[in-house]
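Chemist: Need a 3D model of the following:
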Amino acid sequence: MYVAVMTYLGFGIVTLFGYLRDFLRADFVPLYQDFENFYTRNLYMRVRDNWNRPICSLPGPVFDLMERVSDDYNWTFRLTGGTIHNVINMGSYNYLGFAENNADFLKTVAEKTRQYGVGVGSTRQEMGTFVVNVQLY
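Modeler: Below you'll find the predicted structure:
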């Protein structure tokens, strides 16, 4: 509960600072509606470097990141050519570990695909009932 409260509190503070920045920029002609681009202007661009990081290895539990820098406060990035090694993967589509380069796992997948085909990934209404479907009940 502490983490959730602190997250909401931090988000609220950053939002208040965003409204203050918009108020101080009030002398410019508004190109957007009041809240249309608020999040992008005031919140996302400040923390953009935390997301959308280009990786250069398999997305396992740890992976390598391509190093990049920004000279204009995270509006654009340029790659430096360096690599940041062994970064902990805190969010990925690879929650089951299917993208890892494990020879034993790949052999098992190939064997089961030859045995059952790719239709077991479909619904029973589309491809019919397989032995695997019956075993699950």
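Chemist: Identify the residues contacting residue 22.
Modeler: Residues counted as contacts of residue 22 (Cβ atoms under 8 Å, 6 or more residues apart in numbering) are 38, 41-42. Placement of C-beta: from N, CA and C, glycine included.
Chemist: mind listing the helices for the protein?
Modeler: With helices called from DSSP state H, the chain shows them at 2-24, 38-39, 45-47, 103-116, 124-127, 131-136.
Chemist: Make JSON lines out of those and add mean pLDDT.
Modeler: Output for the helices of the chain, formatted as JSON lines (pLDDT from 0 to 100):
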{"stretch": "helix 2-24", "mean pLDDT": "90"}
{"stretch": "helix 38-39", "mean pLDDT": "82"}
{"stretch": "helix 45-47", "mean pLDDT": "81"}
{"stretch": "helix 103-116", "mean pLDDT": "82"}
{"stretch": "helix 124-127", "mean pLDDT": "79"}
{"stretch": "helix 131-136", "mean pLDDT": "74"}
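Chemist: Now for residue 51, how many residues are close by?
Modeler: 8 (other Cβ atoms under 10 Å).
Chemist: about what we covered before: of the helices of the chain, which is nearest residue 56?
Modeler: Among the helices of the chain, the nearest to residue 56 by Cβ to Cβ is helix 103-116 (21.0 Å).
Chemist: Pull out the buried residues from the contacts of residue 22.
Modeler: 38, 42 (16 or more other Cβ atoms under 10 Å).
Chemist: Now flag whichever of the contacts of residue 22 is closest to residue 120.
Modeler: Proximity to residue 120 was ranked across the contacts of residue 22 by Cβ to Cβ; first place goes to residue 38, at 46.6 Å.
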